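J.: A structural model of the following input is requested.
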Amino acid sequence: MIRVTTPTGEAVIDDGPWALGRPRDEGRLGDTVRDRVARELRDRVLTGAYEAGARLELDALGLELGVSRTPIREACLALEHEGLVTVAPRSGVTVVGTTPQEALDNFRLMARLSGFAAELAADRRTDDELAAFGAASARMRDEAAAGRPIAEANWRFHRDVHRACRSRRVISLIAQAGRSIPRTFLEIFPEHVPCALDEHDELVDALRAGDGERARHVTERHYAVPAELVSRLLGPVG
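T.: Next up is the predicted model:
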């Protein structure tokens with residue numbers, strides 16, 4: 001969780017892209033224009049759409065995203081706290097970016113944390129949650145077959161599995177690590193969708209069987225290919 005002071009002096013809590021409490025899509029008060037802009041800019045930096053050293057023009061971004069300058073600047077301040085950009089009074093906003101090695105490390109960390117959460121969830125999930133996981137996995141397969149994007153649904157699926165671990169400490173660590181994982185991964189690499197969907201089904205089966213070890217292994221494997229693809233997108237490691 002990060003506390004950001006906006007240009008107006010307001011203290012804003014930014015809990016990152018992996019919400020800890022109620023889902024953002026349920027009308028959470030903190031889901032502001034700034035939050036949405038921050039998510040968009042974060043994904044662009046993490047996927048290399050904005051290269052290190054690039055300057056971000058706030059007015060141009062405002063026109064592109066259809067928002068005023070203030071939420072753009074507030075979003076950039078949030079990303080500065082994450083080490084993705086620098087904000088200076090005269091030089092403006094400059095992209096720090098991430099390296100291929102950092103991308104690999106980020107995914108590996110997320111894999112370990114998510115794997116542990118899945119292992120706990122296999123024992124702690126409720127029947128209602130299990131039914132929801134299965135339904136969500138099936139819906140994603142239907143959406144993908146119809147050619148519709150599933151990036152947001154994929155994020156919600158994993159978020160809900162994380163919550164089923166019933167450990168606020170683990171969920172908090174995932175929320176922090178999740179800042180470094182682009183939510184739009186499946187939109188960037190649509191060829192990975194079939195594999196991802198199969199692994200979702202494997203994970204649901206493991207959770208249904210109460211097999212924590214298998215749930216952990218499936219989840220950790222689930223992050224391996226995305227790690228390689230994103231790091232290649234950013235350039236050679238080393």
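
J.: From now on I want contacts and neighbour counts done on CA atoms only, so please keep to that.
T.: OK.

J.: tell me the domain boundaries of the chain?
T.: The chain breaks down by automatic domain parsing into domains covering 2-95, 100-234.

J.: Could you check how far the most centrally placed residue in the chain is from residue 46?
T.: Geometric centre of the chain, nearest residue: residue 183, 4.1 Å, by CA atoms, centre = their mean. Noted for residue 183: a distance of 10 Å to residue 46, by CA to CA, to the nearest Å.

J.: you'd agree residue 94 is in a strand?
T.: Yes. Under DSSP: H, G, I helix; E, B strand; the rest coil, residue 94 sits within a strand.

J.: Name the nearest residue to it, ignoring sequence neighbours.
T.: Leaving out its chain neighbours, the residue that sits closest to residue 94 by CA to CA, 6 or more residues apart in numbering is residue 55, at 4.6 Å.

J.: ok, now residue 203?
T.: Spatial nearest neighbour of residue 203, excluding adjacent residues (CA to CA, 6+ apart): residue 215 at 5.5 Å.

J.: wait, doesn't that neighbour sit right on residue 201?
T.: No. With contact defined as CA atoms under 8 Å, residue 215 does not reach residue 201; the gap is 10.8 Å.

J.: next SSE after the helix of greatest length in the chain?
T.: If you go by DSSP state H, the chain has its longest helix at helix 100-124. Later in the chain than helix 100-124, the nearest helix or strand by DSSP states H and E is helix 127-145.

J.: Any regions of the chain where pLDDT drops low?
T.: By pLDDT under 70, the low-scoring segments of the chain are 1-31, 237-238.

J.: what are the ranges of the strands in it?
T.: Taking DSSP state E, the strands of the chain run over residues 2-5, 11-14, 55-56, 85-88, 92-95.

J.: Now do the helices in this protein.
T.: Under DSSP H, the chain gives helices at 33-46, 58-65, 69-81, 100-124, 127-145, 151-163, 168-177, 185-188, 193-209, 212-222, 224-234.
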